[in-house]
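In: got a structure for you, letters missing:
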């Protein structure tokens, strides 16, 4: 099984015990975990069993992530963000099958959860992303298996996280590997993000009541603020109904930038 790279930085050390709690609970037989945390992380805050990667100054999203990727000596790696909480027991058998699938088909990217889903059926259990149609989020930062060298080439663009997700799949390198982007049909791992723009989602309040280590000075979004962030009902419905490629055509006609 391929190693896990948790992408973070030193100032986010309050998130590590939370992510670690859910990994320990729902993925006890996990592969090696590397914690990428530039910026002078306190070694005492690194979860037990995680290997710290700290290459000095925390730079841009892409530049720091490049440091972390360079330190993981593996053909493939599983990329995970520091604010992901794994909610259900993880099946190593299913993950190992996904790793074999990635190797067999020389995948450069295999998203472990269909968020967003792929475009066309491929093999049982997997779909393929049609890169030639320039879909947004082809390189989503949802949990995925990445070919290490390919990921590094995308990081050379020095995209911020939003640019990485929207534009990474439209680069020259992505188009040259158009047949090698895949998505699992069903979630191979179930998790949730618990931070948005530096603040906790409201449900984290309940985690504190359950003894999950949330001893931190971060603020919380209110339920109303979360509803506003997610958009109104009509916008959410349109996003579900309208195909991604059509959305871009509509945006271009309205004079908006392509997703």
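Out: Great, that's in hand. Nothing here was measured: the structure is a model prediction, and the numbers come from that model.
In: give the other helices and strands that the top helix by length along the chain contacts.
Out: In the chain, with assignment by DSSP state H, the single longest helix is helix 92-104. Secondary-structure packing of helix 92-104 (3 or more CB pairs under 8 Å, 6 or more residues apart in numbering; DSSP states H and E): strand 76-81, strand 109-111, strand 144-147, strand 181-184. C-beta: built from backbone N, CA, C; applies to glycine.
In: tell me which of the ones you listed lies nearest to residue 120.
Out: Nearest to residue 120 among these is strand 181-184; the distance by CB to CB comes to 10.3 Å.
In: note down every partner strand of that closest one and its orientation.
Out: strand 109-111 (parallel), strand 126-128 (antiparallel) (DSSP bridges).
In: please identify the deepest-packed of those.
Out: strand 109-111 (a mean of 27; mean count of other CB atoms under 10 Å).
In: and the helices in the stretch 1-150 of the chain, which stretches?
Out: 16-26, 61-71, 92-104, 148-155 (DSSP state H, counting those that start in this stretch).
In: ok, back up a step: of all the helices and strands packed on helix 92-104, which one is nearest residue 226?
Out: Closest among the helices and strands packed on helix 92-104, once you apply CB to CB, is strand 76-81, at 18.7 Å.
In: nearest residue to residue 88 other than its sequence neighbours?
Out: Nearest residue to residue 88 in three dimensions, chain neighbours excluded: residue 190, at 4.3 Å (CB to CB, 6 or more residues apart in numbering).
In: dump the residue contacts of that neighbour.
Out: Applying CB atoms under 8 Å, 6 or more residues apart in numbering, we find residue 190 in contact with 86-88, 113.
In: still on that earlier bit, between the helices and strands packed on helix 92-104, which gets nearest to residue 20?
Out: strand 76-81 (11.7 Å).
In: list the contacts for residue 31?
Out: 1-4, 78.
In: reformat those residues as CSV; add pLDDT.
Out: Converted to CSV, the contacts of residue 31 look like this (pLDDT from 0 to 100):
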residue, pLDDT
1, 86
2, 96
3, 98
4, 98
78, 98
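In: just the closest of the residues you listed to residue 50, please.
Out: residue 4 (9.2 Å).
In: isn't residue 222 right up against residue 202?
Out: Yes. Between residue 222 and residue 202 there is a contact at 6.7 Å, judged by CB atoms under 8 Å.
In: more neighbours, the two?
Out: Under the neighbour definition other CB atoms under 10 Å, residue 222 and residue 202 were set side by side, and residue 202 has more, 14 against 11.
In: the more buried one: what's it in contact with?
Out: Residue 202 makes contacts with 220-223, 226, as judged by CB under 8 Å, 6+ apart.
In: that one and residue 183, how far apart?
Out: 29 Å (CB to CB, to the nearest Å).
In: quick check, distance from stretch 85-105 to the centre of its chain.
Out: 15 Å (CA atoms, centre = their mean, to the nearest Å).
In: same question, stretch 162-179
Out: That offset, for stretch 162-179, works out to 15 Å (CA atoms, centre = their mean).
In: does residue 26 touch residue 91 like I think?
Out: No. Applying CB under 8 Å, one finds residue 26 not in contact with residue 91, separated by 10.4 Å.
In: rewinding a little: dump the contacts of residue 202 into CSV; add pLDDT, distance to residue 72 and secondary structure as well.
Out: Putting the contacts of residue 202 into CSV (pLDDT from 0 to 100; distance: CB to CB, whole Å; DSSP: H, G, I helix; E, B strand; the rest coil) gives the following:
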residue, pLDDT, distance to residue 72, secondary structure
220, 94, 33, strand
221, 93, 33, coil
222, 93, 38, coil
223, 91, 39, helix
226, 89, 34, helix
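In: from these, which single one is nearest residue 107?
Out: After measuring these against residue 107 - CB to CB - the closest member comes out as residue 226, at 34.2 Å.
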